[in-house]
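Q: Model the following, please.
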Amino acid sequence: MSGPQVHPVDTPAGPARVHLWRPPRAHGVLALGHGAGPSLTTVDLVATREVAVELGWAVALVEQPWLVAGRKVATRPPVLDAAWQPLVAGLREPRGLLGRVRGPLVVSGRSAGARVACRTAVALGAFGVLALSFPLHPPGKPGSVRRDELAQPLAAGVPVHVVQGERDPFGTPDEVRAAAASPLVSLYAVAGTHAIPASAVESVRQAVRQVLTELGG
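A: Numbering: from 1, shown residues only. As a prediction, the model looks like this:
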């Protein structure tokens with residue numbers, strides 16, 4: 001498949017961009033958010049997008065307004081949510097970018113984008129969450145866990161699948177598992193820290209393939 005179609009989209013938080021991959025007869029939508037770093041091409045984001053398209057999912061990679069504006073520091077969580085939620089909700093409206101695509105919606109993202117996905121999954125009617133490098137706590141502060149963000153989709157019966165570096169200082173797979181304490185959470189441990197290295201790409205691809213196949217791919 002050729003490169004993505006790139007669409008500017010106005011949001012309550014300012015202009016965003018959607019990078020859209022739409023395979024023929026797509027049977028579901030994966031909304032994908034980036035992290036607080038200014039990159040759309042991290043190993044895990046690229047691997048997730050590629051596997052999703054291979055499995056027949058339409059992928060909407062959302063470029064947040066702060067990044068479109070050229071800023072180097074991400075905006076606060078409420079502002080991220082304010083851009084993401086209406087944008088993703090509008091993808092499959094009659095005049096939306098994916099108006100004719102049906103099937104499940106899976107919300108996903110890496111790091112800060114994973115937090116956004118968890119916080120908005122229920123409101124968006126998502127079938128599942130795919131969290132890449134979920135930042136459970138600040139490095140060196142294991143007592144400051146973001147358990148409430150993981151709990152939001154779980155409380156509504158929405159499964160959360162986490163792909164996490166084995167040595168992630170923001171929370172190891174075991175820490176995430178203990179914080180969630182739910183049978184609806186699936187953990188996929190891969191080599192690396194918070195930034196997944198290229199050497200772990202195949203492990204990420206395998207995890208994503210398993211998740212999306214279970215969720216309807």
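Q: And the closest residue to Arg146 other than its chain neighbours, which helix or strand is it part of?
A: In this structure, Arg146 finds its nearest non-sequential neighbour in Leu136, 5.9 Å apart by C-beta to C-beta, 6 or more residues apart in numbering. (Glycine included, C-beta is placed from N, CA and C.) Following DSSP states H and E, one finds Leu136 outside all helices and strands.
Q: Leu136 is in contact with Val145, isn't it?
A: Yes: in terms of C-beta atoms under 8 Å, Leu136 counts as a neighbour of Val145; the distance is 5.6 Å.
Q: Compare neighbour counts for the two and give me the winner.
A: Set side by side, Leu136 and Val145 show more neighbours around Leu136, with 27 against 17, by other C-beta atoms under 10 Å.
Q: Tell me who's in contact with that one.
A: Going by C-beta atoms under 8 Å, 6 or more residues apart in numbering, Leu136 touches 145-146, 150, 170-171, 175-176, 179.
Q: Now name the helix or strand holding the residue lying closest to Arg209 once chain neighbours are set aside.
A: Excluding its sequence neighbours, the residue lying closest to Arg209 (C-beta to C-beta, 6+ apart) is Val51, at 5.2 Å. Applying DSSP H and E as the criterion places Val51 in helix 43-54.
Q: overlap in contacts of Leu136 and Val145?
A: Residues touching both Leu136 and Val145 (C-beta under 8 Å, 6+ apart): 171, 175, 179.
Q: Most neighbours of all those residues, which one?
A: When neighbours are taken as other C-beta under 10 Å, the top entry among the shared contacts of Leu136 and Val145 is Gly171 (25 neighbours).
Q: In which helix or strand does that residue reside?
A: Gly171 belongs to no helix or strand, assigned by DSSP H and E.
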